[in-house]
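>>> need a structure here:
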Amino acid sequence: YLDNIYVNFLSGSFTHCWAGWKSIDYVPQYNKFLLPTDGEGEIVVNNVKYHLVPGNIYLMPAETKQSFYHINDNFVTKYWFHFSAKVGNMNLFNLVHPRFCIKLDDDGEHIKNLFIRLIDLTNQEETVYNTVAIKGLILEIISFYLKMDSKLPNDGTQQYETDFRNVLQYIEKNMEKQ
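Numbering: from 1, shown residues only. Got it, this is the predicted structure:
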């Protein structure tokens, strides 16, 4: 059933955020990954505040209340991208519920290189190769994130435990609604 995962790149870049980088209590229809490299800021996802720290990766799922902002004049520099990730007509992160922040440890360079490759490909001419490679990189980043999340002990920050039997039952019941 998970063969029906569909991903689509919407936008992304390596950005030194401007002084007005701020949005409060909005609910986007797309997912975001953030990989900060410098500066100080915060994000809020479902009323939980996270200090942006280089060496961490952040997931901001679609259809969740979010905020982001600087906390001083040390403006945030980050890799980021917006994307859709669906299984059938459901957002992937409504089916699996990983943490919104993961410390990367030794994997920081690997994930940074994936972001760099993804952003580089999206800035090139659209070709069949680039289109497939972009989708592959998004899936690789999602897979990496879910793998890192699954290695962490449940510390109460996860909203829900992911039970893939429930995911599969939901998909099975709702496949014909596509």
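>>> next up, the contacts around residue 52.
Taking Cβ atoms under 8 Å, 6 or more residues apart in numbering, we find residue 52 in contact with 34, 36, 39, 40, 41, 42, 43, 58, 76, 78. For the C-beta atoms, the positions are set from N, CA and C on the backbone; glycine is no exception.
>>> pairing partners for the helix or strand encompassing the first one, with directions?
Counting by DSSP states H and E, the element that carries residue 34 is strand 31-38. Each strand pairing with strand 31-38, determined using DSSP bridges, is listed with its direction: strand 56-60 (antiparallel), strand 77-87 (antiparallel).
>>> tabulate the CA atom coordinates of whichever helix or strand comes after the first one in CSV.
Downstream of strand 56-60, the first helix or strand assigned by DSSP H and E is strand 66-70. The C-alpha coordinates for strand 66-70 follow below in CSV (Å, rounded to 0.1, in the frame of the first residue of the first chain):
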residue,chain,number,x,y,z
GLN,A,66,2.6,26.8,12.7
SER,A,67,4.6,29.9,13.4
PHE,A,68,8.2,31.0,12.6
TYR,A,69,10.2,34.0,13.6
HIS,A,70,13.6,35.4,14.5
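>>> quick one: residues in contact with strand 66-70.
17, 19, 21-28, 39-45, 60, 76.
>>> contacting residues for the residue nearest the centre of the chain?
In the chain, the centroid-proximal residue (Cα atoms, centre = their mean) is residue 33; its distance is 3.2 Å. Applying Cβ under 8 Å, 6+ apart, we find residue 33 in contact with 57, 58, 59, 60, 80, 81, 83, 115, 141, 145.
>>> identify the bridge partners of it.
With DSSP bridges as the criterion, residue 33 is bridged to residue 59, residue 81.
>>> what residues of stretch 103-122 count as buried?
104, 108, 111, 112, 114, 115, 118, 119, 121, 122 (16 or more other Cβ atoms under 10 Å).
>>> so the fourth one, which state does it fall into?
If I follow you right, that is residue 112. For residue 112, the assignment made with DSSP: H, G, I helix; E, B strand; the rest coil gives helix.
>>> just give the closest residue to it, not the sequence neighbours.
Take residue 112 and drop its neighbours on the chain: the residue closest to it by Cβ to Cβ, 6 or more residues apart in numbering is residue 35, 6.4 Å away.
>>> what do you get for the second one?
Once its chain neighbours are removed from consideration, residue 108 has its nearest residue in residue 55; the separation is 5.6 Å (Cβ to Cβ, 6+ apart).
>>> and that neighbour, what does it touch?
103, 104, 105, 108.
>>> tell me which element residue 137 falls in.
helix 128-151.
>>> that helix: which residues count as buried?
For helix 128-151, a neighbour-count test (16+ other Cβ under 10 Å) marks 133, 134, 135, 137, 138, 141, 142, 144, 145, 146, 148, 149 as buried.
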